[in-house]
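[1] structure for this input, please:
(one chain, ligands or ions: 1)
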Amino acid sequence: MASGAALTIEIREKRFDVLPEPLFADFELEIAPSSVVALLGPSGIGKSTLLRMVAGVDTDFTGRITLDGVEAAAAAPPGFVFQDPRLLPWLDAVGNIRAAGPSVTETHARELLADMGLSGFEGALPHELSGGMQRRVGVARALAAEPGLLLLDEPFVSLDEALVQELQTLVLNVIDRRRPTVLLVSHAATDAARLGDRVVILSRDGIAADITPDVPRSERSAEDRARIAQDLAQRMEALR
Ligand SMILES: Nc1ncnc2c1ncn2[C@@H]1O[C@H](COP(=O)(O)OP(=O)(O)OP(=O)(O)O)[C@@H](O)[C@H]1O
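    Numbers count the residues shown, from 1 in each chain. From the prediction side, this is the model:
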């Protein structure tokens, strides 16, 4: 099993022509292998853009982003989970997972589906799965090629609370078993309190806070999570 990649982000400047100011300037972040870092921040702050840069898809910036010392654009591609699972409608669940790469075997795809609580749905087409189940297939697909880095872009948004809890538990179990480095983008303090080993809050001026909660993720009770989420939410509110 691949272990997590060390991620180094050094962005001198990232700008879009439509924006009057750079989106990122002198932005630096070091992320330890196999850690889960939650990136919190208001809409439009640049979270999704940062994930695309880390994925090596957006290379239009000055600076350097490396995975285990290799430039992101040249490194093995990360697993990417989007809010919209983007499954191929003509492939069943196993087929969608195998579409992640030629090395993904049927057995491995079935194992991943089992990890995500979807045994029995191997042959189901996307339209035969609920929205929450489709997202679980999306997570399985992102992990199929055993990436050293997993990027999660608002994977829990617009699900009802019970489904959020269920999906978070499944994601935590699967990342604890496979140990990729994880960068989770969210606007919700509760997501960060549940999943993050470390929480980075972004503001217009860059990194507003870089927090390692006092209780390790695996030992957090519901009360701990609520307390951590409240602290994070207050910090974000103070930035408005
Ligand atoms: N391809 C692009 N061309 C021009 N501007 C862009 C492009 N992509 C993003 N932007 C701008 O960059 C800013 C940051 O966008 P981004 O989607 O990264 O923010 P975000 O923090 O992920 O927001 P949200 O939480 O709403 O998804 C926005 O002002 C957006 O309009």
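
[2] tell me which residues touch Arg135, please.
    81, 85, 155, 159, 167 (C-beta atoms under 8 Å, 6 or more residues apart in numbering). All C-beta spots, glycine's among them, are computed from the backbone N, C-alpha and C.

[3] closest to the ligand among the residues you listed?
    Closest approach between the contacts of Arg135 and the ligand, by C-beta to the nearest ligand atom: Pro155, at 12.7 Å.

[4] now, the most widely separated pair of the contacts of Arg135?
    Spatial extent of the contacts of Arg135 (C-beta to C-beta) is set by the pair Val81 and Leu159 at 13.1 Å.

[5] these two - which one has more neighbours?
    The residue with more neighbours, out of Val81 and Leu159 and counting by other C-beta atoms under 10 Å, is Val81; that gives 23 against 17.

[6] hmm, Ala93 and Arg110 touching each other?
    No: using C-beta atoms under 8 Å, Arg110 is not in contact with Ala93; the gap is 9.3 Å.

[7] which neighbours do those two share?
    Contacts common to Arg110 and Ala93, judged by C-beta under 8 Å, 6+ apart, are Glu122.

[8] could you check which of those two is surrounded by more residues?
    Of the pair Arg110 and Ala93, Ala93 is the one with more neighbours under other C-beta under 10 Å, namely 29 against 17.

[9] so which residues on the chain come close to the ligand?
    16, 18-19, 23, 41, 43-49, 187 (C-beta under 6 Å from any ligand atom).
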